[in-house]
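Q: Here's my sequence, what's the structure:
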Amino acid sequence: MTDWSSLHHAYGTAEDIPGLLSCVSPNPDAPQWDDLWSRLCHQGTIYSASYAALPVLTRMARQRSPSDRRMPLCLAGAIVASTDQPYGDEDPRATYAREMSDLVKLTEEALQDPGLADDPTYVHLLAALLSFEGVEVWGEWLDGLNDEEYEVPCPACGSENFIVFGQYGHFSTTDSMYMKHATARRVPLRPQTPSSMDGLARRLHTRAEADGQSDIAHKLCYVFGHAQCADCDAAFSVDEAIVARWDS
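A: Numbers count the residues shown, from 1 in each chain. Here you go, the predicted model:
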């Protein structure tokens, strides 16, 4: 039995967490979800109560249909992915190994839900899956696929480049106001072809295609492709620059 009074979340003692968990509905707009997120994963920071909530979130996901388990899976994924742990460095994948195994299977099922077409939740679930599996970086950084942008430093000169792939085009630029049709230099990106992908890139692309997420699959070609610095013209791998930013 968890002694929630001995645990803490973003606003103090975690005594209120069991009540929130017991009454939250599958509706992602239910106010209790905002309350849980703000307490257990506040701006990406986690607390002693955050990991303690993982078995409850797992049980909740297990009891719900694939379309109704999205929120507990996404919250659990964000908790596991977080590296901002001011109250310790516990490894949830070791402490909650059985839950991680269940969460992987439950997320795999949820990703196949046809109702996720054109829903940004797909990317959040995909990131959660990687977090449960122990894939570093991408559990926190995959959401750039929804933003259609990554900001990374050029590995040669250090200039901040915006890697843009979506409604505004497919290019690198140093102008943060590129969406305002500014005249700053834009250098076209060089996407990777699916046939040349390997490792994580191939796995994610194949997964997105199999799940009917062709737009996400297309964006992954740019995330795992190449860019050219809009300042010094140095060519670099986009995914390697994303990982380097995370490691810095």
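Q: which regions of this structure lie under the pLDDT threshold?
A: Counting by pLDDT under 70, the chain contains low-confidence ranges at 86-88.
Q: Where do the strands of it begin and end?
A: Along the chain, counting by DSSP state E, strands occupy 8-9, 12-13, 41-42, 45-46, 149-153, 160-166, 169-173, 187-188, 226-228, 235-237.
Q: now these in a markdown table, with distance to residue 123?
A: To be clear about C-beta, it is placed using only N, CA and C from the backbone, and glycine gets the same treatment. Below are the strands of the chain laid out as a markdown table (distance: least, C-beta to C-beta, whole Å):
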| stretch | distance to residue 123 |
| --- | --- |
| strand 8-9 | 26 |
| strand 12-13 | 32 |
| strand 41-42 | 17 |
| strand 45-46 | 21 |
| strand 149-153 | 13 |
| strand 160-166 | 13 |
| strand 169-173 | 18 |
| strand 187-188 | 24 |
| strand 226-228 | 20 |
| strand 235-237 | 21 |
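Q: Switch those strands over to a markdown table; also include mean neighbour count.
A: A markdown table is the format used below for the strands of the chain (neighbours: other C-beta atoms under 10 Å):
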| stretch | mean neighbour count |
| --- | --- |
| strand 8-9 | 22 |
| strand 12-13 | 12 |
| strand 41-42 | 20 |
| strand 45-46 | 21 |
| strand 149-153 | 19 |
| strand 160-166 | 22 |
| strand 169-173 | 21 |
| strand 187-188 | 14 |
| strand 226-228 | 21 |
| strand 235-237 | 16 |
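Q: out of those, which comes closest to residue 25?
A: strand 41-42 (19.0 Å; C-beta to C-beta).
Q: Many thanks, have a good one.
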